[in-house]
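Student: take this sequence and fold it.
(one chain, ligands or ions: 1)
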Amino acid sequence: MSSAERTSDVIVIGGGIIGCATGYYLAKKGLKVNLLERDYLTSGSTGRCIGGIRQQFSTPLSIRVAMESMKKFAAMNDELGQAVEFHQGGYLFLAHSEEKKQTYLKLIEIQRKMGLDVEFIDVGEVEKLVPGIDTEDLLGGAYCASDAQANPFLIVDGYARKIKEKGHVFTHKEVTRINVENGKIVSVSTRDNEDFHAPIVVNAAGPFARDVAQMVNIDIPVYPERHEAMITEQMERFFDMMIVDYRPDGCYFNQKWPHGSIIGCYTPIPNVPGYDLGTSFEFAKEMGRRMGRLIPRLSDTKIIRQWSGSYEMTPDGNPILDESDVAGFWIVGGMCGHGFMLGPEIAWLAAEYIAEGKPPYDITEFALHRDFVGKEVMK
Ligand SMILES: Cc1cc2nc3c(=O)[nH]c(=O)nc-3n(C[C@H](O)[C@H](O)[C@H](O)COP(=O)(O)OP(=O)(O)OC[C@H]3O[C@@H](n4cnc5c(N)ncnc54)[C@H](O)[C@@H]3O)c2cc1C
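Tutor: This is a model prediction of the structure:
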């Protein structure tokens, strides 16, 4: 590889949705991008996510980012020149308690003010949307018909192809050192002893963002947390949306577009911190029970695969998008399990901020040096 090939305007570390989308938007602004991924593209959390895309968040900024991201997903077939299995089947957050219902009603007020097509629907409407759903204790649900799903593999592939038109995407290239001179980024070194030069490095290492930041001696609050997932055999599609059951022993799942397999997860209590990517019989058994309790006809459905991946948590449930105290070293991560859905807009914001020196709108809630108190309610 020539030294010209190893020199670029920006180096992106990480080949998931955040790295590839940020690289794409930087390239679109005319910058030469070299993206370095230590394994294969999508090998991190992105290839392990279930592909849900929603706009029902709790603060004006997170709702705005999610709504803008949705517009980018909707335009993606044309933008990337390939179909990405984008399908707007909605998201339905079920309320099994008066407290949950009141929380959703309050959030819906904020979301509707921002122009989101969300409403609280009663039990009868839920039954029409989800034939056969068990209605015991059910009070209705928060339903946004324009929420969606898409295929993370096709999207990452599409972004990576676009980066390659001007720059390079290197896989099996692990960054092991980031070289700083006089407080400024100059290059990175890889495990196979190659140096790549650029004045800007974007840390898009997902659950490993903290380890990468430590290469320039800064500590960032991004912590991995294991989440398990599963997919079932294919079946006729009979509901269209992601169903979210937020009870402590609830779960969330949808039917994949277009083939109808059910893909889903639940959030373990207590959380499982760390990098471990193991799977458990407990999860498969519980996921089957929880789905079957909600929609009894799913009780006989066969799970055909299970796996796990990492959420990349920050203390307040919001991402970090900022330049660090080391000039040229940017952090785009801490997506808290929403990196796929928010990825396109977060990446666009990052590219604009990096290239223009200021973000297109106020994102101080994503600053690195914030106090990290408060919490995103729609986690
Ligand atoms: C089970 C599960 C279900 C999920 N479902 C959803 C969902 O429905 N919707 C949603 O929006 N989000 C979902 N998520 C969250 C989503 O997957 C993540 O938020 C998102 O993929 C994060 O993307 P990323 O690009 O930041 O990280 P990653 O995809 O993890 O990419 C980071 C990459 O950096 C690479 N890397 C790390 N260190 C180095 C290094 N030193 N050198 C080079 N490369 C390096 C890694 O190999 C990795 O490929 C889910 C997550 C899980 C685990």
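Student: can you pull out the helices in the protein?
Tutor: 17-28, 60-74, 76-80, 98-113, 123-129, 152-166, 209-214, 281-294, 339-356 (DSSP state H).
Student: among these, which comes closest to the ligand?
Tutor: Proximity to the ligand (Cβ to the nearest ligand atom) singles out helix 339-356 among the helices of the chain, at 2.3 Å. Yep, even glycine has a C-beta here, placed from its N, CA and C like the rest.
Student: before we move on, back to that, can I get the helices of the chain in JSON lines including distance to the ligand, mean neighbour count and mean pLDDT?
Tutor: Below are those laid out as JSON lines (distance: least, Cβ to the nearest ligand atom, whole Å; neighbours: other Cβ atoms under 10 Å; pLDDT from 0 to 100):
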{"stretch": "helix 17-28", "distance to the ligand": "3", "mean neighbour count": "29", "mean pLDDT": "98"}
{"stretch": "helix 60-74", "distance to the ligand": "9", "mean neighbour count": "20", "mean pLDDT": "98"}
{"stretch": "helix 76-80", "distance to the ligand": "14", "mean neighbour count": "16", "mean pLDDT": "97"}
{"stretch": "helix 98-113", "distance to the ligand": "17", "mean neighbour count": "15", "mean pLDDT": "98"}
{"stretch": "helix 123-129", "distance to the ligand": "19", "mean neighbour count": "15", "mean pLDDT": "98"}
{"stretch": "helix 152-166", "distance to the ligand": "7", "mean neighbour count": "20", "mean pLDDT": "97"}
{"stretch": "helix 209-214", "distance to the ligand": "5", "mean neighbour count": "20", "mean pLDDT": "98"}
{"stretch": "helix 281-294", "distance to the ligand": "10", "mean neighbour count": "16", "mean pLDDT": "97"}
{"stretch": "helix 339-356", "distance to the ligand": "2", "mean neighbour count": "24", "mean pLDDT": "98"}
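Student: measure Met114 to the ligand for me?
Tutor: Applying Cβ to the nearest ligand atom, to the nearest Å, the value for Met114 to the ligand is 19 Å.
Student: specify the residue ranges that define each domain of the chain.
Tutor: 10-49+152-222+316-366, 89-146+223-313 (automatic domain parsing).
Student: those domains into a markdown table, with extra columns for distance to Ile63?
Tutor: Output for the domains of the chain, formatted as a markdown table (distance: least, Cβ to Cβ, whole Å):
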| stretch | distance to Ile63 |
| --- | --- |
| domain 10-49+152-222+316-366 | 11 |
| domain 89-146+223-313 | 5 |
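Student: between those domains, which gets nearest to Phe73?
Tutor: Phe73 sits nearest to domain 10-49+152-222+316-366 of all the domains of the chain, at 6.3 Å, using Cβ to Cβ.
Student: picking that back up, could you single out the most deeply buried of the domains of the chain?
Tutor: Comparing the domains of the chain by mean neighbour count (mean count of other Cβ atoms under 10 Å), domain 10-49+152-222+316-366 comes out on top with a mean of 21.
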